[in-house]
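[1] The following comprises the amino acid sequence and a computationally predicted model.
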2 protein chains.
Amino acid sequence: MAQGRILVYGGKGALGNAVVSFFKAKSYWVGSIDLAVNEQADANVLVKPDSTLPDQEAEVTTRVSELLGANKLDAIFCVAGGWAGGNAKKIVEPADAMWKQSVWPSIITASLGSKYLKDGGLITLPGAQPAINGTPGMIGYGLAKAAVHQLTKSLAGENSGLPSSATVLATLPITLDTPMNRKWMSSADFSTWTSLDFVSELFYKWLNKEELPPSGSLVQLITKDNKTELVLA
Amino acid sequence: MAQGRILVYGGKGALGNAVVSFFKAKSYWVGSIDLAVNEQADANVLVKPDSTLPDQEAEVTTRVSELLGANKLDAIFCVAGGWAGGNAKKIVEPADAMWKQSVWPSIITASLGSKYLKDGGLITLPGAQPAINGTPGMIGYGLAKAAVHQLTKSLAGENSGLPSSATVLATLPITLDTPMNRKWMSSADFSTWTSLDFVSELFYKWLNKEELPPSGSLVQLITKDNKTELVLA
């Protein structure tokens, strides 16, 4: 008997994989939505990267509907994303890619939430701490994350289309401690990076209504000396 | 002899048309970028709505380059946009449309600015006052405008790729007094709507460094009793 049902959007990425593992260990039914299969998940929803946003949403919705039957979701954790640098001289491809990688999954998560989330369920969206301010060296990244932040506030508002008393939060890390980040920023101070286990545990606490911030909050994850503090933006 | 050279992105829309007329009357060379031709403009750059963002940017850039030759621009006024309602139950098509109508032109404007704006030139981008907070009844609209707001801050930052001492501002109206808005909201209080002439004159003042807000400002246009106040967000 599953503890509950969750979806992890981006379940094959570094953070998504950690979240899938964590919730499997806690006996949840876990569905992964991503470009590739996560073998640990109970079910996988594969996204076609070349589809338009409306087509992606329709395909994901059909598949999720089949998987759930009459069941509803306790949470959708959207951790899809990526990173790209570039100022105004190199803005087009990064903005296009970041929109598709961070904002499309967030939009589809919102739509899934309006159909399949339980009353009182939880949605998390993938924000970024630097995008609270201007990000002149990574313009496409910043504007996509700012869209996710505002979406979080909208979904927490009245008549947003989500079920009653749902909670929507964005997590705003600075840098996550992933193998790829260690590879590309090998001389950085890793003690200021946020561990994937910390984020997984945080999601679990929130799902159990422990120290749950008000819906609509942008939750900055500020890590120093390997300790992460939560600071509402 | 032209007073200077400006581009109006969205020059065939209601506001764009007003801005083109205003600057033509002030003897500027005016280029219009839009889906359709503005006959008043000195030159037109036509955008193909079905192109991808990278293709649109490449096509617009080629045409602008041909038009300008060795000349540079005093300003690019991006006033492209549109409106769509819809909460999480109807999020996909509005978000997709608003991204293409508001954010793509803003991104292409930034790219054009990095290539063709004069030192000390001016860029304005199309924000929206409601998007400072959550917009649960118009989610796609709000998140696209929030992206434009953050882009404004990024472009004002150091090494953003724009020429030195450029100024970038977003205008954040609540409702513009356009024929379409009068048609669709015919029982509204028009005395709280911002006139297109006010915006055109504001752009002209800013271009002449009159009461120019700091670069990166989000300038709310708050209209009461037919008078508009500027309030920095």
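    Alright, I've got the coordinates. Numbers count the residues shown, from 1 in each chain, chains lettered A, B, ... in the order given.

[2] use CA for all of it now, contacts and neighbours both
    Noted.

[3] neighbouring contacts of the lengthiest strand in chain A?
    If you go by DSSP state E, chain A has its longest strand at strand A:117-126. For strand A:117-126, the external contacting residues (Cα atoms under 8 Å, 6 or more residues apart in numbering or on different chains) are A:72-81, A:102, A:106, A:109, A:113, A:145, A:148, A:152, A:162-172, A:206-207.

[4] now, which of those residues lie within strands?
    Per DSSP E, the contacts of strand A:117-126 map to strands at A:Leu73, A:Asp74, A:Ala75, A:Ile76, A:Phe77, A:Cys78, A:Thr167, A:Val168, A:Leu169, A:Ala170, A:Thr171, A:Leu172.

[5] contacting residues around the fifth one?
    A:Phe77 makes contact with A:Ile6, A:Leu7, A:Val8, A:Tyr9, A:Leu122, A:Ile123, A:Thr124, A:Leu125, A:Phe203, according to Cα under 8 Å, 6+ apart.

[6] Turn the residues you listed into JSON lines, columns for pLDDT and neighbour count.
    Compiled in JSON lines, those are given as follows (pLDDT from 0 to 100; neighbours: other Cα atoms under 10 Å in any protein chain shown):
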{"residue": "A:Ile6", "pLDDT": "98", "neighbour count": "24"}
{"residue": "A:Leu7", "pLDDT": "98", "neighbour count": "27"}
{"residue": "A:Val8", "pLDDT": "98", "neighbour count": "28"}
{"residue": "A:Tyr9", "pLDDT": "98", "neighbour count": "26"}
{"residue": "A:Leu122", "pLDDT": "98", "neighbour count": "25"}
{"residue": "A:Ile123", "pLDDT": "98", "neighbour count": "29"}
{"residue": "A:Thr124", "pLDDT": "98", "neighbour count": "25"}
{"residue": "A:Leu125", "pLDDT": "98", "neighbour count": "30"}
{"residue": "A:Phe203", "pLDDT": "98", "neighbour count": "23"}
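
[7] Distance to A:Glu66 added to those, as TSV?
    Formatted as TSV, those follow (distance: Cα to Cα, whole Å):
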residue	distance to A:Glu66
A:Ile6	15
A:Leu7	14
A:Val8	16
A:Tyr9	17
A:Leu122	21
A:Ile123	21
A:Thr124	23
A:Leu125	24
A:Phe203	25
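
[8] picking that back up, between strand A:167-173 and the longest strand of chain A, find me the angle.
    Interaxial angle, strand A:117-126 versus strand A:167-173 (axes from the mean of the first three to the mean of the last three Cα atoms, to 10 degrees): 20 degrees.

[9] so what strands line up beside strand A:117-126?
    strand A:73-78 (parallel), strand A:167-173 (parallel) (DSSP bridges).

[10] Centre of the chain to the first one, how far?
    Between the centre of strand A:73-78 and the centre of its host chain there is 9 Å, according to Cα atoms, centre = their mean, to the nearest Å.

[11] tell me which residues of whichever helix or strand comes after that strand are tucked away?
    Remark: after strand A:73-78, the chain's next helix or strand is helix A:92-98, criterion DSSP states H and E. Neighbour counts over helix A:92-98 (16 or more other Cα atoms under 10 Å in any protein chain shown) mark A:Val92, A:Pro94, A:Ala95, A:Asp96, A:Ala97, A:Met98 as buried.

[12] near chain B at all, helix A:92-98?
    Yes: using Cα under 8 Å from any Cα of the partner chain, helix A:92-98 reaches chain B at A:Val92, A:Glu93, A:Ala95, A:Asp96.

[13] Between these, which sits nearest A:Leu230?
    A:Ala95 (28.1 Å; Cα to Cα).
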